[in-house]
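# Here is the input, now give the coordinates:
(2 chains)
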Amino acid sequence: KAGVTQTPRYLIKTRGQQVTLSCSPISGHRSVSWYQQTPGQGLQFLFEYFSETQRNKGNFPGRFSGRQFSNSRSEMNVSTLELGDSALYLCASSLGGGRSYEQYFGPGTRLTVT
Amino acid sequence: LAKTTQPISMDSYEGQEVNITCSHNNIATNDYITWYQQFPSQGPRFIIQGYKTKVTNEVASLFIPADRKSSTLSLPRVSLSDTAVYYCLVSEDSSYKLIFGSGTRLLVRP
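Numbers count the residues shown, from 1 in each chain, chains lettered A, B, ... in the order given. So this is what the prediction gives:
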């Protein structure tokens, strides 16, 4: 079974721009979660989508948004980029039926904001 | 707000047992406590999860006391390939926001 894939793997953007990251979950997985990882703040939860609905959300500003499509693929958007948004953005998928947090992570998208 | 605390780093030798503890308060009473392993340039990898008492799988054990204010990941007979960062993951009481611990960097020496 193919693992979680994320595109692009690397991205360089300028302050003020917006960016869209994509995540394809493992086949059959209906939940997709997004995380931001930085050396200073560690792993921080952004949001979780299940069956096209946002089921949970972390403490990030409204500039961070996401969506999930009917095939469970998910996109994350960051508008009006700031230097502090430079990070590794990780997507994780899971079956999603219960409250299990057995998630499978993709390799991440490394975003650099200049 | 839920808060987690993990040791920043630990050293061990091949063949030893390693126990990594995560302290957590204000976590959801009915949610799993989960542990992940992360190697450089990779996403975290699921190790084990549990709700209470003890859970064991083929790679690790997880001990959770009755008050659920901490959890201990136990790695039996570590090898060099277990050198990685280990994270606990909990959910916050009421909001169920997911909180990762700050991570424990384990170095296994020959």
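
# got the residues of chain B near chain A?
By C-beta under 8 Å from any C-beta of the partner chain, the part of chain B that sits against chain A consists of B:30-32, B:34, B:41-46, B:49, B:87, B:89, B:91, B:96-103. All C-beta atoms are positioned from the backbone trio N, CA, C, and that covers glycine.

# run the last query once more with 6 Å
Residues of chain B lying near chain A by C-beta under 6 Å from any C-beta of the partner chain: B:31-32, B:34, B:43-44, B:46, B:89, B:96-98, B:100, B:102.

# Closest one of those residues to chain A?
B:Gly43 (2.9 Å; C-beta to the nearest C-beta).

# For that closest one, grab the count of nearby residues.
23 (other C-beta atoms under 10 Å in any protein chain shown).

# if I pick it, what's in contact with it?
Contacts for B:Gly43 (C-beta atoms under 6 Å, 6 or more residues apart in numbering or on different chains) come out as A:90, A:105-108.

# Please identify the member of those residues with the greatest number of neighbours.
That'd be A:Leu90 among the contacts of B:Gly43, by other C-beta under 10 Å, with 26 neighbours.

# what's in contact with the helix or strand where that residue lies?
Here A:Leu90, judged by DSSP states H and E, is contained in strand A:87-94. Strand A:87-94 is contacted from outside by A:4, A:6, A:21, A:23, A:25-26, A:29, A:31-38, A:102-106, A:108-111, B:43, using C-beta under 6 Å, 6+ apart.

# So what are the sheet partners of it and their directions?
Strand A:87-94 has the following strand partners under DSSP bridges: strand A:31-38 (antiparallel), strand A:104-105 (antiparallel), strand A:109-113 (antiparallel).

# which parts of chain A sit against chain B?
Residues of chain A lying close to chain B (C-beta under 6 Å from any C-beta) are A:42-43, A:45, A:56, A:58, A:90, A:99, A:101-102, A:105-108.

# Selecting buried members of the contacts of strand A:87-94 in ChimeraX, what would you type?
In ChimeraX, a selection of the buried entries from the contacts of strand A:87-94 looks like this (16 or more other C-beta atoms under 10 Å in any protein chain shown):
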select /A:4,6,21,23,25,26,29,31,32,33,34,35,36,37,103,104,105,106,108,109,110,111 /B:43
